[in-house]
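K.L.:
from the sequence below, what's the structure:
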Amino acid sequence: MSATHEFDVKRRRIADLIEARQLGGLLLGRSSSWSWAACGHEANVVTNSETAVAALLFTPQRDYLLADRIEMPRLQAEELGGMAFEPIMFPWHEPARRAAIAQTLADGPLGSDIAIPAAEPLADAIAALRFDLTTAEQERFRALGQITGAAIEAAAFAITPGMSELMIAGVLAAETFRRGAVPVVTLIATDERVHRFRHPPATAKQLERYAMLVLCARQHGLIASATRLVHFGPLPSELQARALACARIDATVIAATQPGVTIRDVFAQLQASYAAEGFADEWRDHHQGGLAGYENREIVATPESALPVRAGQAYAWNPSIAGVKSEDTILVGASGFEILTATGDWPLLEVAVQGRSVARPAILQR
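P.N.:
Numbers count the residues shown, from 1 in each chain. Sure thing, here's the model as predicted:
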């Protein structure tokens, strides 16, 4: 799919939303929406900011790039030079000008995914435009998945006992950056912290025997996620048993993510799998992942999530039992799934689900 064709597909989705809501214009200022509409280009300066440094305004007649004097030259030269957005620049010290300009250009009611005075808040409706990936986006996701898997696995092979969690996070970030992606989330826990906390930012604690590495990496606006576990020395039998149970839960939820079912249907199978493994309530201690794309999770799955699973969507499930976790990013196809973050260089657990074998990452023993 050419960039022009990809943009045409997305522009039609935007036009349909404008018409359905009877808007004069639609303003995209969230980083995820910006990158989606700009076909993988980015408008990020602060890595963890949910808001882009510029906005894209779509009207029935014309499309605009609204940026201040700092950002406009770079965005035109390095991001949107080949795209037909009319540039509208305003002083950096007058940020309110952006909203006023958007209201004027819209010539009618304005919808937006960020807070703009008098604009209709449409973040959820705009997010829904992103869920079904074009063929070009799927190819970009495949490339990012390989970067993410390679980066986290290289880091897991590189770390050594005595390193602090912060040092491990630095290794993980370096492996990600050098492959051309940005680490937007790096979570590191070692030893007892792996058992105590499901969302562990890195600390000064030093690694003794056991480490969990979690990575969300961004490239072209898309975000892929993966978790890997590494243990130095003999693997305790209880930890090995929990890892296998978690792998079976993960394999079950991956196999259940098929076109035609809803996310809540998948979640019900996930809950049943937790119970079958003897850990019925562990799902309550951490979110289980969900729809992936231009956010860390476009939708975090819950027992009430009614969104249907469709071919061309990406998911990142992350079931966990105290002390272990299993996570990769998958792409749903018409007749199966593809694990995007699997590299072939990591030890695997083969789990039988619905008459087929699903490979899940084992604990690396070093």
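K.L.:
can you list the domains in the chain?
P.N.:
What the record gives for the chain is the domain set 3-130, 135-365, from automatic domain parsing.
K.L.:
now whichever strand or helix holds Leu172, how far from the centre of its chain.
P.N.:
Per DSSP states H and E: Leu172 is located in helix 165-177. With Cα atoms, centre = their mean, to the nearest Å as the basis, helix 165-177 stands 19 Å off its chain's centre.
K.L.:
which positions in it come out as buried?
P.N.:
Neighbour-count burial for helix 165-177, counted by 16 or more other Cβ atoms under 10 Å, picks out Glu165, Met167, Ile168, Ala169, Gly170, Val171, Leu172, Ala173, Glu175, Thr176. Backbone N, C-alpha and C define where each C-beta goes, glycine included.
K.L.:
show me what it is packed up against.
P.N.:
Judged by 3 or more Cβ pairs under 8 Å, 6 or more residues apart in numbering; DSSP states H and E, helix 165-177 is in contact with helix 135-158, strand 182-190, strand 210-219.
K.L.:
can you give me the helices for the stretch 201-350 of the chain?
P.N.:
237-256, 263-276 (DSSP state H, counting those that start in this stretch).
K.L.:
avg pLDDT for the first one?
P.N.:
In this model, helix 237-256 has a mean pLDDT of 98.
K.L.:
try the last one
P.N.:
The predicted model gives helix 263-276 an average pLDDT of 98.
K.L.:
what does that helix contact?
P.N.:
With contact meaning Cβ atoms under 8 Å, 6 or more residues apart in numbering, helix 263-276 is reached by 248-249, 252-253, 256-257, 280-283, 288, 290-291, 299, 301-309, 317, 319.
K.L.:
repeat for the first one
P.N.:
Applying Cβ under 8 Å, 6+ apart, the set of residues contacting helix 237-256 from outside is 210, 229, 231, 265-266, 269-270, 273-274, 277-279, 288, 315, 317, 319-327, 330, 337, 339, 349, 351, 353-354, 356, 358, 360-363.
K.L.:
so which bits of it are buried?
P.N.:
Buried-residue list, helix 237-256, by 16+ other Cβ under 10 Å: 239-240, 242-256.
K.L.:
give me the pLDDT value at Met1.
P.N.:
66.
K.L.:
what's the spacing between Thr59 and Gly278?
P.N.:
Distance from Thr59 to Gly278, counting by Cβ to Cβ, to the nearest Å: 57 Å.
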